[in-house]
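Chemist: got a sequence here, can you model it:
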Amino acid sequence: MNKYMMKSKALRSQFLFIGLVISLGIWLTGINIVHWVLFIPAFFLTFAGISGICPGLIIQKMIFGEK
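Modeler: Below is the predicted model of the structure:
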């Protein structure tokens, strides 16, 4: 699991900020109006910012293989 951890605090804070901005946009638009697909990157970025584990990186390595 350590190979999926982000070590940079700047990257974690950037992911958290972007996830919160997307979530704010969803909230301002109306939660019932936006499509459910828009919740996926907002959740992934917020989760990556808080925990330091990037789900997008895990999925990308599963699809394309690890080098």
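Chemist: tell me the centre residue of this protein?
Modeler: residue 45 (1.7 Å; Cα atoms, centre = their mean).
Chemist: for the chain, which element, helix or strand, carries the lowest mean pLDDT?
Modeler: Ranked by mean pLDDT, DSSP states H and E, the helix or strand of the chain with the weakest confidence is helix 55-64, at a mean of 87.
Chemist: who are the packing partners of it?
Modeler: In terms of contacts (3 or more Cβ pairs under 8 Å, 6 or more residues apart in numbering; DSSP states H and E), helix 55-64 is packed against helix 39-51. (C-beta placed from N, C-alpha, C; glycine too.)
Chemist: buried set for the helix it packs on?
Modeler: Across helix 39-51, burial judged by 16 or more other Cβ atoms under 10 Å covers 42, 44-49.
Chemist: just name whatever secondary elements that helix is in contact with.
Modeler: helix 9-29, helix 55-64.
Chemist: and for the shortest one, what are the contacting residues?
Modeler: Around helix 55-64, the neighbours that count as contacts under Cβ atoms under 8 Å, 6 or more residues apart in numbering are 4, 44, 47-48.
Chemist: which one of these sits closest to residue 13?
Modeler: Closest approach to residue 13 among those (Cβ to Cβ): residue 48, at 10.8 Å.
Chemist: what distance do you get for that closest one to residue 10?
Modeler: 13 Å (Cβ to Cβ, to the nearest Å).
Chemist: and if you look at residue 51?
Modeler: With Cβ to Cβ as the criterion, residue 51 and residue 10 are 16 Å apart.
Chemist: try residue 33
Modeler: When residue 33 is compared with residue 10 (using Cβ to Cβ), they lie 33 Å apart.
Chemist: and residue 47, by the same measure?
Modeler: 18 Å.
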